[in-house]
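>>> starting from these lines, generate the structure:
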Amino acid sequence: MTTHFAPAFRTPLTDVTGGIMTHQTNKGCADFEMRAMECLEAYGVRRGRDRCRDYMDDLRECTYKTKQIARVNIMRAERHRQWLTGERSSENHYAPAAKPDGF
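Numbering: from 1, shown residues only. Sure, this is the predicted structure:
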């Protein structure tokens, strides 16, 4: 994620398609990317790998959601374990779905 790809020649086409390689179109990760890039710009890429590690980890988590997916898998395994031991009934194996307009 610390690798930056820059075109050899800058044209209007490269300006239009420049957003493809960034997270600026994703509102959830845009702030994380800006913080990480500002930190890397301040310290440089070589020293920034150590000093900006927290920002890069936050960006990586926002992008790939590894902790969130791991948490969901642990909850799913616990529900399945409770169902196997008889603590949960078959009807209550999974939580009821949320209402469509329940937000």
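
>>> low-confidence stretches in this protein?
The model of the chain has pLDDT under 70 over residues 1-7, 102-103.

>>> how far out from the middle of the chain is the lengthiest helix in it?
Of all the segments assigned as helix in the chain under DSSP state H, the longest by residue count is helix 30-51. Here the centre of helix 30-51 is set off from its chain's centre by 17 Å, with CA atoms, centre = their mean, to the nearest Å.

>>> which elements pack onto that helix?
helix 53-64 (3 or more CB pairs under 8 Å, 6 or more residues apart in numbering; DSSP states H and E). Every residue, glycine included, has its C-beta placed from N, CA and C.

>>> is it true that M56 touches A36?
Yes - counting by CB atoms under 8 Å, M56 touches A36, with 5.3 Å between them.

>>> so these two - more neighbours on which side?
A36 (24 against 20; other CB atoms under 10 Å).

>>> tell me which residues touch the more buried one, please.
1, 52, 55-56, 58-59 (CB atoms under 8 Å, 6 or more residues apart in numbering).

>>> for F9, same thing?
For F9, the contact set (CB under 8 Å, 6+ apart) is empty.

>>> quick one: secondary structure of it?
When classified by DSSP: H, G, I helix; E, B strand; the rest coil, F9 comes out as coil.

>>> that one and D15, how far apart?
12 Å (CB to CB, to the nearest Å).

>>> do Q82 as well
55 Å.

>>> and what of R46?
28 Å.

>>> and M34, by the same measure?
For M34, the distance to D15 - CB to CB - is 18 Å.

>>> more crowded one of the two?
The residue with more neighbours, out of M34 and D15 and counting by other CB under 10 Å, is M34; that gives 15 against 10.

>>> how much space between the more buried one and E87?
For M34, the distance to E87 - CB to CB - is 46 Å.

>>> equivalent analysis for D101, please.
Applying CB to CB, the value for D101 to E87 is 32 Å.

>>> comparing those two, which residue is more hemmed in?
The neighbour count for D101 versus E87, taken as other CB under 10 Å, is higher for E87 (10 against 5).

>>> what about E61, how many neighbours?
Using other CB under 10 Å, E61 has 14 other residues around it.
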